[in-house]
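Q: This is the structure alone, sequence omitted:
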Ligand code: ADQ
């Protein structure tokens, strides 16, 4: 079998390499474990102290190769074009999208830096798999440098309707970049259809296909069982004093529909007073991209909303909402998900949303909770047995929460069994196998 080259913006940090923590590392775990792999990406450093060339470390059958990116180029590439142009646009948020020529130049320059450093590490028979919107031009840049091997690209985030993507001044160039890949993978058929409409209008021959990403549900369920009996879950459970837990877990990102979620919970408290002092909502939302101004504004808005909700509804012995912006370990998180009577996942747009699948995997089969899920998350395609909502309507969220909180065990078990079958039927390993199978065919 040829060597697999994974390219992503970030590679796992040294301490994550044996115990993968990030979504992509976990998803790729099996693919990398079973063949010789090189994982290439940004080191996390700007200074170039290690010299201009890539830093290469081999651990078992995986080689990690990383490069530093100068701070000024990084700002335009990452905070600028990746996270202030492509991220909002790909999530259909044209109003939040910044269009700056200098960011686009930095984005292409850093992609070229990736290509220059990677090309020197390649062997003639490598299979190359590029990940996500930060690296769309990389395939073409490798081709320009003489790479003829199979190169695949997977987009982890959604792709918007053609009319929206067309707002991007450099749309045509990015579509031509995508045309240089042998296989283009998207999370859902809708994303693939949106991109394909643009590719065909542009005269590009290659077509995107849907490869919905999964989790490792067996391992996650085992971790949830273990953690639910551990001290962290115990501490949470004791603090609830018998109240039902509604749990939300997301990066603090405007795509996740967090203000809409809090508004929905607030509406539940107003419209369904029978839940007063019987329910507690915990939202864990670690700060993400704190250097981008829209993210700082969002954080302020959420602090303000959380304060208001507690101020208006709390009692001396009951805080309706707990809002945390620190991260928790994956194991602890798995235990919390198992304790939650309701998993609340309300993105306005999301490529897949792995938290929804993790919530399902974490449940106790004898007494599972209910999942309230935005129909605009990719996961809604597979988890159609969740309580699907439109996250823009706080009343719909409130009604779904009321339904979830009052649903009998038999109905919860029925819904969970179907969702769990879907999660088990399409794992992270299946996803990687399907994509690589097509790429190497
Ligand atoms: P993200 O936008 O980061 O991923 P998601 O799919 O939910 O969103 O994955 C987040 C991962 O981080 C999950 O495994 C989750 O458990 C973990 N996580 C989230 N909040 C956490 C917290 N507070 N503490 C600890 N861990 C936390 C992007 C796309 C998604 C797509 C994935 C994978 O935006 O749509 O599903 O990539 O393709």
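A: Sure, I can see it. Values in this document were obtained by computation on a predicted structure and should not be read as measured data.
Q: Return the residues in contact with residue 367.
A: Shown in contact with residue 367 (C-beta atoms under 8 Å, 6 or more residues apart in numbering): 409, 412-413. Glycine gets a C-beta too; all of them are placed from N, C-alpha and C.
Q: so residue 26 makes contact with residue 428?
A: Yes - using C-beta atoms under 8 Å, residue 26 is in contact with residue 428, at 6.4 Å.
Q: Neighbour count for these two, which is higher?
A: Shown here are residue 26 and residue 428; by other C-beta atoms under 10 Å, residue 428 has more neighbours (24 against 20).
Q: Give the full set of residues in contact with the more buried one.
A: By C-beta under 8 Å, 6+ apart, the contact set of residue 428 is 26-30, 213-216.
Q: Ok, residue 168 next?
A: Neighbouring residues of residue 168 by C-beta under 8 Å, 6+ apart: 85, 89, 97, 99, 174.
Q: And it, how close does it get to the ligand?
A: To the ligand, residue 168 is 19 Å away according to C-beta to the nearest ligand atom, to the nearest Å.
Q: Same check on residue 409?
A: In this view, residue 409 and the ligand are 26 Å apart by C-beta to the nearest ligand atom.
Q: Look up phi and psi at the spatially closest residue to that residue that is not a sequence neighbour.
A: In this structure, residue 409 finds its nearest non-sequential neighbour in residue 367, 6.3 Å apart by C-beta to C-beta, 6 or more residues apart in numbering. Residue 367 has phi and psi values of phi -150, psi 60 when expressed as degrees, to the nearest 10.
Q: Can you read off the pLDDT for residue 367?
A: pLDDT recorded at residue 367 is 98.
Q: now residue 28
A: pLDDT at residue 28 comes out at 86.
Q: again, but for residue 233
A: Confidence score, pLDDT, at residue 233: 98.
Q: which ones are touching it?
A: The contact partners of residue 233, by C-beta under 8 Å, 6+ apart, come to 227, 332, 335-336, 338-339.
Q: Also residue 198?
A: By C-beta under 8 Å, 6+ apart, the neighbours of residue 198 are 162, 165-166, 171, 175.
Q: Out of those residues, which is nearest to residue 273?
A: Taking C-beta to C-beta as the measure, residue 273 lies nearest residue 165 of the contacts of residue 198, at 45.1 Å.
Q: following the worst-scoring helix or strand of the chain on mean pLDDT, which helix or strand comes up?
A: Averaged element by element with mean pLDDT, DSSP states H and E, the chain has its least confident helix or strand at helix 23-33 (a mean of 80). As assigned by DSSP states H and E, the chain's next helix or strand after helix 23-33 is strand 37-42.
Q: average pLDDT for that next one?
A: Mean pLDDT, strand 37-42: 96.
Q: Equivalent analysis for stretch 188-203, please.
A: Averaged over stretch 188-203, pLDDT sits at 97.
Q: Buried residues in it, which are they?
A: Judged by neighbour count using 16 or more other C-beta atoms under 10 Å, the buried positions of stretch 188-203 are 188, 191-196, 198-199.
Q: can I get those in TSV with distance to residue 299 and secondary structure?
A: Formatted as TSV, the buried residues of stretch 188-203 follow (distance: C-beta to C-beta, whole Å; DSSP: H, G, I helix; E, B strand; the rest coil):
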residue	distance to residue 299	secondary structure
188	29	coil
191	28	helix
192	34	helix
193	35	helix
194	30	helix
195	32	helix
196	37	helix
198	34	helix
199	37	helix
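Q: looking at this, residue 99 is in a strand?
A: No - using DSSP: H, G, I helix; E, B strand; the rest coil, the assignment for residue 99 is coil, not a strand.
Q: out of everything not next to it in sequence, what's closest to residue 368?
A: Leaving aside its sequence neighbours, residue 368 sits nearest to residue 416 (C-beta to C-beta, 6+ apart; 3.7 Å).
Q: Show me how the chain divides into domains.
A: The chain resolves into domains spanning 4-214+428-440, 217-424 when parsed by automatic domain parsing.
Q: what about residue 266, which SS state?
A: Looking at residue 266 with three-state DSSP, the answer is helix.
Q: I figured it was touching residue 394, is that so?
A: Yes - Residue 266 lies in contact with residue 394 (C-beta under 8 Å); the separation is 7.3 Å.
Q: Relative to the ligand, which residue of the stretch 101-250 of the chain is the closest?
A: Closest to the ligand within the stretch 101-250 of the chain is residue 156: 3.6 Å, counting by C-beta to the nearest ligand atom.
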